[in-house]
Structure formats: structure tokens, C-alpha cells
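Engineer: Quick one: sequence plus predicted model below, questions after.
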Amino acid sequence: MKHMTYKVLVADDEDRTRKLIRIYLEKEHALIEEADNGEQALMKAMDTEYDLIIMDWLMPKLSGIEACHLLKSFKKTPIILLTAKSDDADRLLGFEAGADDYMCKPFSPRELILRIKAILKRTTPNRFWTQEPIFSDRIVFSNLIIEHHARRVLVEGAEISLTLKEYELLRYFSLHLGKICSRDMLLKDIWNYEAAGDHRTVDTHVMRLREKIQSISPAAASMIRTIRGFGYRMEETT
């Protein structure tokens, strides 16, 4: 099967980080270009059409957040900012500069892949999703596998029976790994509710989803965490 390629600029002054990202993205058939400072990253991004840019916040010559802000004045290329800064105020600065997503170092390469997938699904749906997926259709965790082409979920190697909404919830959580998914967000994206709905609908489905996973693997079920007052977050077990 012929794989579609996509073009990514990786901008980071750490050789090790650029190499790590390259290894994982090339497995997904990406064409990678690199920059080791913000000025070089901005020049490349202005001259070349990339499908995505991964950019470190702190770089010499021009910071990633400055490069992001300048670039977004001219192009809509999606940008993921990488940074050791984890304060909410810093996250807001990143988003205000135009970043589409934000990941704190050290980061999980698998989570980075999932976040890229979510962004490209939103920004390039015709190219990447109506023809041929650029990523493997299997999302694999240590004790949980989601096979989207077959709408099948394996827990510790055993297939479990999920309703459509339970399956959609699990896959949604996996594609937003590490992020808080509010109940209103889930009602909008899973149930297509434009206005706020009954949060008990979400809670009941999540409870049943957990129970089905728990019956085989408590460790896998514990990946779905309740964030009191907000919603849920899926976290990869270590």
C-alpha cells in the first residue's frame, strides 16, 4: 500500500530532541526538515509549505514563541510548541502567539504522534483522511489496543464489546491523551449537542466503559482519570 507523506519542520536547538522526533515521525512516513534556532525556523517556514511545525519555545537568535507569533501573521501552518514551561500563564502565552497545541518537556513521543494526528485531521481533512490515513489505524498502549478500521478494542489481548458511544469515547480520549476533556466538549463532539446537555449522560457512559475494561484489566481502566469539576483525562500508564 502506498503511504501518503506529509512535511514537518522540527525546530529545536537540542540535537537529541530533533533526532528523537525524526525517528518517530519517519516511521509514520513524514518528510522532515530541521532548524536549530528560531531565526532559521522562521525563514524556512516562510519559504516552504509545511503541513505542521514542531517548535521549541527557547531557542537562540529568535525564541519559538516569537517565531510563532511572526509566522502566524502570514501563514496558517499549524504549530506545536515544545517547552519546559508548564505554568498556565505560559500556556496562555503560547496559545495567544498562535500555537495550535502545547507540550511540556519531557514528552511522550507516542503522545506527540497522537496530537499531530488530531491536528492534521482537523486542518487537512481532505488530503489526509478521505483518501488514505497517514498513521497506523491502531492505537497501542501497554495493555490496551484500539483498532479503528475494525472498531475493535483489545484489553490484555481480549476483545471487549462496546457500544458505539463507549467506543467513540475511548477513541476520543486516546486521541487527546494527557488533555482534559470537559463534559461539555464530549457532549458536543460525541453527541453533537450544540448547547450544554445533561452531564450525567457522559458520566454514565464513562462509568460503563470503565467497568467493561476493569473486568479484564484494572490497570487499563485506571488510564481514564476523573478530573473533579471538569471532566476526564486519559493518561498512559508507566
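Structural biologist: Happy to help now that I have it. Because the structure is a prediction, the values reported are computed rather than measured.

Engineer: Could you list the low-pLDDT ranges of this structure?
Structural biologist: 1-5, 86, 88, 125-137, 194-197, 237-238 (pLDDT under 70).

Engineer: mind checking which helix or strand the closest residue to Asp101 other than its chain neighbours is in?
Structural biologist: Leaving out its chain neighbours, the residue that sits closest to Asp101 by CB to CB, 6 or more residues apart in numbering is Ile80, at 4.6 Å. (Glycine included, C-beta is placed from N, CA and C.) Using DSSP states H and E, Ile80 sits within strand 79-83.

Engineer: Which parts of the chain are strands?
Structural biologist: Counting by DSSP state E, one finds strands in the chain at the ranges 6-11, 30-35, 52-56, 79-83, 101-104, 138-140, 144-147, 152-155, 158-160, 180-182, 224-227, 231-234.

Engineer: Please list the residues outside the second one that contact it.
Structural biologist: Right, the one you point to is strand 30-35. 5-11, 18, 21-22, 25-26, 41, 44, 48, 50 (CB atoms under 8 Å, 6 or more residues apart in numbering).

Engineer: Spatially central residue in this protein, please.
Structural biologist: Arg115 (1.4 Å; CA atoms, centre = their mean).

Engineer: got a list of what the residue of the chain most remote from its centre touches?
Structural biologist: Using CA atoms, centre = their mean, the residue of the chain lying farthest from its centre is Lys61. It sits 28.6 Å away. Neighbour list for Lys61: 37-40 [criterion: CB under 8 Å, 6+ apart].
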